[in-house]
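Novice: below are the sequence and a predicted model for it; my questions follow.
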Amino acid sequence: MQHRLPPLPAVRAFEAAARHGGFQHAAAELHVSAGAVAHQVKQLESWLGVALFQRLPRGVALTPAGRQYAQALQPLLAGLADVSEAVRLRADERVVTVTSVPSLVFRWLMPRLGRLREEVPEVDMRVLASLHPADFVREGVDVAIRLGTGPYPGLQAEPLIEENFSAVCSPDYRERMPPVRAPADLLAHQLLHDEVEMRIPEEINWPRWLRHFGVAYRGGTRPSFSHTYLTLEAAANGQGVALAAECFIAEDIARGRLVRLLPQQMTGPYRFHLLRLPEAEARPAVKAFCDWIRKEAGAGAPR
């Protein structure tokens, strides 16, 4: 289908002038003269048949039509920039764009990237940390790792990592605080909370975990953090006891930054899934990354 589009250089000049509130700053951004910007805006006004700027003795001001046009253009141009960058990056067959939630990126994926470079040198990673659903086309995403139960219509999906929740703290905290021999003993301790429990229905939190082991949680002071990796940093710094899945704590336990207070674990209702478009693994680099991450999901802590 043919689209009757306005002259795109004129659209770009107008958007910059509208954003900056005048022609001078727009000209500096676009590396042209203010007269050239004014000429492009005039060309666009002629094409549209409406004035976009009111010319004043000192400068210009958007007309109502100009404000409407500018507000509509900004997300369109931002989307064009995003998809252009995604296509540009995808032109490099070595680059694999992976997105996951910030805590999994920080606590599980990042420590393993050295192993990826050693074992799969033909892959260059581009990592996006994000909570929102992946837009595979606009963001140029090859692989997404998301927590859920499925199904994921239109995507290749497979379970990757199960969540098994343990109570953890720093070695120093364990030594200086009252001993914990059973889940009920945790009620005497400072429990650190994830705000993620408010975003994901039925995700394991302290009340559910304690109830699972027959302990009624009575509340109390509850410092909370927006991401699991922040909660675990607080725990590693001796601020209290955190509740987290094995995938988030394995590395710090191996290094001695965190210790499990109890052997009890509770399996969560969700799993991290490996998601990609059906045709994604036709690219050798994407297939190599997927094969590697499946193997990593079954391995221990990163070395």
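Specialist: Here it is on my side, so go on.

Novice: pull up the pairing partners for the longest strand along the chain, direction included.
Specialist: With residue count as the measure and DSSP state E as the assignment, the chain has strand 156-169 as its longest strand. Note on strand 156-169: by DSSP bridges, its sheet partners are strand 242-245 (antiparallel), strand 259-260 (antiparallel), strand 266-276 (antiparallel).

Novice: quick one: mean pLDDT for it?
Specialist: Mean pLDDT, taken over the full extent of strand 156-169, equals 96.

Novice: give the buried residues for stretch 176-188.
Specialist: Within stretch 176-188, the residues that count as buried by 16 or more other Cβ atoms under 10 Å are M177, V180, P183, L186. For the C-beta atoms, the positions are set from N, CA and C on the backbone; glycine is no exception.

Novice: mind picking the two most distant members of those?
Specialist: Within the buried residues of stretch 176-188, M177 and P183 form the most distant pair, 15.4 Å apart (Cβ to Cβ).

Novice: need the winner for burial among the strands paired with strand 156-169.
Specialist: With neighbours taken as mean count of other Cβ atoms under 10 Å, the strands paired with strand 156-169 reach their highest mean count in strand 242-245, at a mean of 26.

Novice: how far does that strand sit from the chain's center?
Specialist: Relative to its chain's centre, strand 242-245 lies at 20 Å (Cα atoms, centre = their mean, to the nearest Å).

Novice: how about that strand as CSV, C-alpha atoms only?
Specialist: Extracted as CSV, the C-alpha positions of strand 242-245 are listed here (Å, rounded to 0.1, in the frame of the first residue of the first chain):
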residue,chain,number,x,y,z
ALA,A,242,16.0,-12.0,52.5
LEU,A,243,13.8,-14.5,50.8
ALA,A,244,14.9,-15.4,47.2
ALA,A,245,15.0,-18.0,44.6
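
Novice: which residues are contacting it?
Specialist: Taking contacts as Cβ atoms under 8 Å, 6 or more residues apart in numbering, the residues outside strand 242-245 that touch it are 163-169, 191-192, 194, 204-206, 209, 228, 231-232, 234-235, 258, 268.

Novice: for PyMOL, write the selection for the buried entries among those.
Specialist: This is how PyMOL selects the buried members of the contacts of strand 242-245, with burial counted by 16+ other Cβ under 10 Å:
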select buried, resi 163+165+166+167+168+169+191+192+194+204+205+206+209+228+231+232+234+235+258+268
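
Novice: could you check how far P6 is from L44?
Specialist: Shown here: P6 relative to L44, a distance of 6 Å by Cβ to Cβ, to the nearest Å.

Novice: which one's more surrounded, these two?
Specialist: For P6 versus L44, the count of surrounding residues by other Cβ atoms under 10 Å is larger for L44: 22 against 14.

Novice: by contact count, what packs against the one helix or strand that one maps to?
Specialist: Under the assignment given by DSSP states H and E, the secondary-structure element containing L44 is helix 34-48. In this structure, helix 34-48 makes packing contacts with helix 8-20, helix 23-30, judged by 3 or more Cβ pairs under 8 Å, 6 or more residues apart in numbering; DSSP states H and E.

Novice: coming back round to it: restricting to C-alpha, output the longest strand of the chain in CSV.
Specialist: Extracted as CSV, the C-alpha positions of strand 156-169 are listed here (Å, rounded to 0.1, in the frame of the first residue of the first chain):
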residue,chain,number,x,y,z
GLN,A,156,8.6,-20.5,20.9
ALA,A,157,8.6,-21.1,24.7
GLU,A,158,10.2,-23.6,27.0
PRO,A,159,10.7,-23.6,30.8
LEU,A,160,14.3,-22.6,31.7
ILE,A,161,14.7,-22.0,35.5
GLU,A,162,12.5,-23.1,38.4
GLU,A,163,12.2,-20.9,41.4
ASN,A,164,13.0,-22.5,44.8
PHE,A,165,12.9,-20.0,47.6
SER,A,166,15.3,-20.0,50.6
ALA,A,167,15.9,-17.6,53.6
VAL,A,168,19.3,-16.1,53.3
CYS,A,169,21.5,-13.5,55.2
